[in-house]
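S.K.: quick one: sequence and predicted model below, then my questions.
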Amino acid sequence: MTSIHPLFSTPLYQSAISIDNEELYNRICRENFVDTNKNVKSKRTVNQNILLEDSYQDIYTEIKSCLQHFVHSGLKLSCSLKCVCSWAVLGETGSITHNHLHTNAVFSGIYYVRSAKDNGDLIFSVPQTHNTFCNSVVELEPTEYNIFNSKSWKFVPESGQIYIFPSHMYHGVSENKSSETRCCIAFNFFIDGMFSSDPTSQLHV
């Protein structure tokens, strides 16, 4: 049997959450927003702990369930995690989220409350200096790009979809070319409590 194994890849979790997104969108729109420095024609909630509010416990429970499935069942990690930051973003027509990563976090994610075709693609990437199937100073050009030979990969998010990834993973959103406002909830999680069974490398947070 012949196989190609994606060794040493960066895992990305994708799933769907069943919830009344229209009601959730209306709830979010009642929040206070500020313009962002990094995102063109985008606004984020003033509240940077939106998922910890009582009024968002329904979606928080669903997000936490997805995270636990990814971390505990998928990655087989035993650590506990706590939400350290969460906010909602509204992306108007023409909005772009530039390539970035999330600092001071271990796992991050995005839940799409409202997103459709032409609302902007979610694009994950690695720096040009990151070695993949070849090193950073030798650029071999594929005849066709796939998940094994690409340094960037895009998804077309739909309402109800969730993506969870290691916080060091670069990502951005292409231009919203539709007349509809895109809405998502972004979040960061960090380790909660003691981790590492090695007594010489234990850390309590």
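M.R.: The structure has been received and is ready for your questions.

S.K.: low-confidence ranges, the protein, go.
M.R.: By pLDDT under 70, the low-scoring segments of the chain are 38.

S.K.: can you do 80?
M.R.: 37-40, 194-199, 202-205 (pLDDT under 80).

S.K.: ranges for the helices of it?
M.R.: Here the chain has its helices, by DSSP state H, at 21-29, 57-68.

S.K.: Y13 is nearest to which of the ones you listed?
M.R.: Y13 lies closest, by Cβ to Cβ, to one member of the helices of the chain: helix 57-68, at 6.9 Å. No exception for glycine: its C-beta is placed from N, CA and C like everyone else's.

S.K.: how far off helix 21-29 does the closest one point, in degrees?
M.R.: Interaxial angle of helix 57-68 relative to helix 21-29 (axes from the mean of the first three to the mean of the last three Cα atoms, to 10 degrees): 110 degrees.

S.K.: helix 57-68 packs against which elements?
M.R.: Counting by 3 or more Cβ pairs under 8 Å, 6 or more residues apart in numbering; DSSP states H and E, the packing neighbours recorded for helix 57-68 are strand 81-100, strand 107-114, strand 161-166, strand 182-191.

S.K.: how about those strands, which one is nearest Y13?
M.R.: strand 161-166 (4.1 Å).

S.K.: ok, and what's touching the closest one?
M.R.: For strand 161-166, contacts defined as Cβ atoms under 8 Å, 6 or more residues apart in numbering pick out 10-17, 63, 66-67, 70, 106-112, 115, 122, 124, 155, 157, 171.
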